[in-house]
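Asker: Sequence below, structure please.
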Amino acid sequence: MVEQLGVRSRALAWRPGLAAGRGPLLWWPAGLEDFARTAAQRVWGWALAEVAPGRLVPWLAIAFGLGVVLYFAADQEPSPFAAAAALAAATAAAVIARRRPVAFPLFLAVATITAGFAAGTFKRAHIAHPVLQVATANVGIAGFVETREERERSDRIVVRVSRIEGGRLDEVQELERVRLTVRRGTAPAVGSFIKLKARLSPPLEPLRPGGYDFGRDMYFQGIGASGLSFGVIETIEAPEPPGAWLAYASFLDRIRKAIDQRIRAVLPGDQGSIASALITGMNDPISTPVNNAMIISSLVHVLSISGYHMAVIAGIVFFTMRALLALIPGFASRHPIKKWAAFAALLATTFYLLLSGSAVATQRSYIMIAIVLVGVMVDRPALTFRTLTAAALGVLLLAPEAVVSPSFQMSFAATLALIAGYQHGLPWMRAGVDTPLGARIALWGGREIVGLVFASLLAGSATMIYIAYHFHQFQPYGLLANLLAMPVVSAVVMPMGILGVLAMPFGYDGICWWLMGEGIDWMIGVVLWVASLPGANTLVPSFGTGPLLLATAGLVLVCLLRTPLRLAGPALLVVAIVWALRTPQPDVLVAPDGSAVALRTAAGRLAVVKSGGDAFAVREWLAADADPRTPKDKGLDQGIACDRAGCVGRLADGALVAISRSVEAFEEDCRRAALVVSARQAPAGCAAHRNIQVIDRKVWRLSGAVALRRVGDGFETKVARPPGYSRPWAHTGPPSAAGTTRQAPANQTDDETPIEEEGERGD
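Answerer: Numbering: from 1, shown residues only. Now for the predicted structure:
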């Protein structure tokens, strides 16, 4: 009875209205109210535990990255002065509130988000350069070759322009860098001063609303135009010194080229290409079947030098150096050989970073490995979320544009999951290790196998949503491929590659490359077998950034939170997956230059009609629609009837879509069709007929790529460039100086991919 009175008195204390004789506004059962109060207190306690000292450090990188994302999401280019003022105000507020336990984390988060926003703004202001808006032909270019890349059917170079002339536009005179596709085997060496003729085009814009912005990437690389060279490339005497950076790049390129040539002298074909990619980072061409199999089997990450490669290099050098020093009698007892080995590993990874080209994933990996090795040298453990935070902040400060790239997103997602799994799963993996059975399992490599399975599951699960978003694919057998191939890569391929580089100056590297090739042969066999399994490559329809951001939030909560609040993460992931799967697909797609149109017929698949030989947009549309067909497949236009005047097709509800190619076609098309699409400009009164939708030259010049979805009797329209959108990398001029289509080279057939497509389209 006394206990009941105690409970009643506490309830009255929480409900003063009842104590005063007044009824509550909303009736709650006493038990339910107690449960709600207890749950609220429990959640508040969890929240306080999550914001305890030191727990908020990893969130700094997330807030900084969110600020960069907000910068790229803006419709107008932010002012650097406004960004600086906002950063100063947010920083001042955080400093003033530093002694307030609740206000300080909030103001610190705002300040960090503002810092990320300012980083993107300042980087853009620092690299500001002109971008070509209208295609022009017969341009004479002279300049230094800054980078060169060998591809499957062509080479690609980036030229720092010293002189440019010709063409019909004055804006070409202001270009600083151009990226050119040249015939295979004709790319000059890095650092050469060359003279050539080229046809230049504006950087490629998104091929569909919400698609990847290639022009944005080129802008942050300092490239203002892309194109195709023709004629002879002349190497001439430079009128000025190339500069220290270009001299360094030229020296490094010669080293990479020498290693590449030596590897290829021993390993032909795909063996040599993969070996060179692993050691030098050169993107040498790999045959299409093997390349596709690498993607389908989820082993394409092996070709991109990242955390795995850095860890293997550092681990091999560290343990080898430590073992050699330990063999010297009395040396290990008098000197800190562990720290010396860590320093040697740091030097080796630094050389590997420079040799491999310093890509974003490589930079992230190097920063993390460097922190770990420095931690060894100063007797501090460093494999924590703080290591990842420092790496993320370092990459985003140097290259804030990396936050929207697939490489950055997948790399950090996988690393975040691995660190979280390592911290939460390490006690479980150590359980039973001291028992006889545990010792026997460890002796036979059981722990290594479990660790490999654990790491593959974590990395594969964490990157799944990003692969689906960027590449529209899902590889269910990625774990199997990693289990079969990665032990050989770790134990044979990478160690033999390191020994090959070390043995090259002495001329005894041939056996190393041969053994490396044997390991690569095993990996190729694995990926080809896995790619042949039923359902190995499941296509995923495209979805928007909303599900991606929600899934990212879920992943972060699962990995960073330690209390039961982390259960909100899986809930967000489930909602994101359902949202992504329920994303409606467009019924009509129009290319940025109006040269290709796709419409969804009653069969449920896209029917495509295009002019010219450029099939890159069609390839992107089919992939985004989870359609396994390719632009070279026959019957892509099934459901569309064409003649010289134009084409007509029907959507699933019977609505007529007309693609007008001639002026005469408009009269009938504007009377009968629900949608008229044309590379020409439609008559002024065309849209007045039954209020039909018209997508003509005037529309796609202003809006870029267009996607339409049938809603009732009308269309819901999305465009790549909404009204008012103005960013420095955005295309604002007509797509071609001579017309609306980009022409293929004279020796190119319609069913082949133009060489300029391969050179201008990005990776």
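Asker: pLDDT-wise, which helix or strand of this structure ranks last?
Answerer: Within the chain, no helix or strand scores below helix 755-760, which has a mean of 37 by mean pLDDT, DSSP states H and E.
Asker: where along the stretch 501-650 of the chain do the strands fall?
Answerer: 538-539, 588-590, 596-600, 606-610, 640-642, 646-650 (DSSP state E, counting those that start in this stretch).
Asker: of the ones you listed, which approaches Thr552 most closely?
Answerer: Minimum separation from Thr552 across the strands of the stretch 501-650 of the chain (CB to CB) falls at strand 538-539, 21.7 Å. C-beta here means a position set from N, CA and C on the backbone, and glycine is covered the same way.
Asker: other SSEs contacting the closest one?
Answerer: Contacts defined by 3 or more CB pairs under 8 Å, 6 or more residues apart in numbering; DSSP states H and E place strand 538-539 against strand 473-474.
Asker: Direction included, what does the strand it packs on pair up with?
Answerer: Strand pairing for strand 473-474, determined by DSSP bridges: strand 538-539 (antiparallel).
Asker: Pull the contacting residues for the residue nearest to Leu702 when sequence neighbours are not counted.
Answerer: In space, and not counting its chain neighbours, Leu702 is closest to Arg721: 7.1 Å by CB to CB, 6 or more residues apart in numbering. By CB atoms under 8 Å, 6 or more residues apart in numbering, Arg721 lies in contact with 205, 702-704, 730-731.
Asker: Could you work out the most separated pair of these?
Answerer: Pairwise over the contacts of Arg721, using CB to CB, the maximum falls at Glu205 and Leu702, 12.3 Å.
Asker: Between the two, which is the more surrounded one?
Answerer: Using other CB atoms under 10 Å as the criterion, Glu205 and Leu702 rank with Glu205 on top: 20 against 12.
Asker: Report pLDDT for that one.
Answerer: On the pLDDT scale, Glu205 is placed at 88.
Asker: For the stretch 51-200 of the chain, which segments count as strands?
Answerer: 136-150, 154-166, 177-183, 193-201.
Asker: Identify whichever of these lies nearest to Leu573.
Answerer: With CB to CB as the criterion, Leu573 lies closest to strand 136-150 of these, at 37.1 Å.
Asker: buried ones in the closest one?
Answerer: By 16 or more other CB atoms under 10 Å, the buried positions in strand 136-150 come out as 136-137, 139, 141-150.
Asker: Not counting its neighbours along the chain, what's nearest His335?
Answerer: Leu325 (7.6 Å).
Asker: Against Ala598, how distant is Arg582?
Answerer: 22 Å (CB to CB, to the nearest Å).
Asker: picking up where we left off before, would you agree the residue nearest to Leu702 falls within a strand?
Answerer: No. Assignment of Arg721 by DSSP: H, G, I helix; E, B strand; the rest coil gives coil, placing it outside any strand.
Asker: Show me the contact partners of the helix or strand where Val374 lies.
Answerer: Using DSSP states H and E, the element containing Val374 is helix 360-377. The contact list for helix 360-377 (CB under 8 Å, 6+ apart) reads 281, 304-307, 309-311, 314, 318, 338-339, 342-343, 345-346, 349-350, 353, 356, 381-383, 387-388, 390-392, 394-395, 398-399, 402, 405, 407-408, 411-412, 415.
Asker: Quick one: mean pLDDT for that helix?
Answerer: The average pLDDT for helix 360-377 rounds to 77.
Asker: next one: stretch 136-148
Answerer: 88.
Asker: that older thread, how far is the helix holding Val374 from where the chain is centred?
Answerer: How far helix 360-377 lies from its chain's middle: 21 Å, per CA atoms, centre = their mean, to the nearest Å.
Asker: Could you point out the helix or strand that follows that helix?
Answerer: The first helix or strand that comes after helix 360-377 along the chain, using DSSP H and E, is helix 385-398.
Asker: Between helix 360-377 and that following helix, find me the angle.
Answerer: Per axes from the mean of the first three to the mean of the last three CA atoms, to 10 degrees, the angle that helix 385-398 makes with helix 360-377 is 140 degrees.
Asker: which residues sit against helix 385-398?
Answerer: With CB under 8 Å, 6+ apart as the test, helix 385-398 has contacts from 57-58, 60-61, 64-65, 68, 116, 119, 360, 363-365, 367-368, 371-372, 402-403, 408, 412, 415-416, 419-420, 560.
Asker: And the residues you listed, which of them are buried?
Answerer: Among these, those buried by neighbour count (16+ other CB under 10 Å) are 58, 60-61, 64-65, 68, 116, 119, 360, 363-365, 367-368, 371-372, 402-403, 408, 412, 415-416, 419-420, 560.
Asker: so can I have a markdown table of the strands of the stretch 501-650 of the chain showing mean neighbour count and distance to Ile263?
Answerer: Shown next, in a markdown table, are these (neighbours: other CB atoms under 10 Å; distance: least, CB to CB, whole Å):
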| stretch | mean neighbour count | distance to Ile263 |
| --- | --- | --- |
| strand 538-539 | 14 | 35 |
| strand 588-590 | 27 | 43 |
| strand 596-600 | 27 | 40 |
| strand 606-610 | 22 | 40 |
| strand 640-642 | 14 | 49 |
| strand 646-650 | 22 | 50 |
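Asker: returning to that earlier point: now for the strands of the stretch 51-200 of the chain, which one comes closest to Met516?
Answerer: strand 136-150 (19.8 Å).
Asker: Can you check what angle separates that closest one from strand 154-166?
Answerer: Orientation check (the same axes, to 10 degrees): strand 136-150 against strand 154-166 gives 150 degrees.
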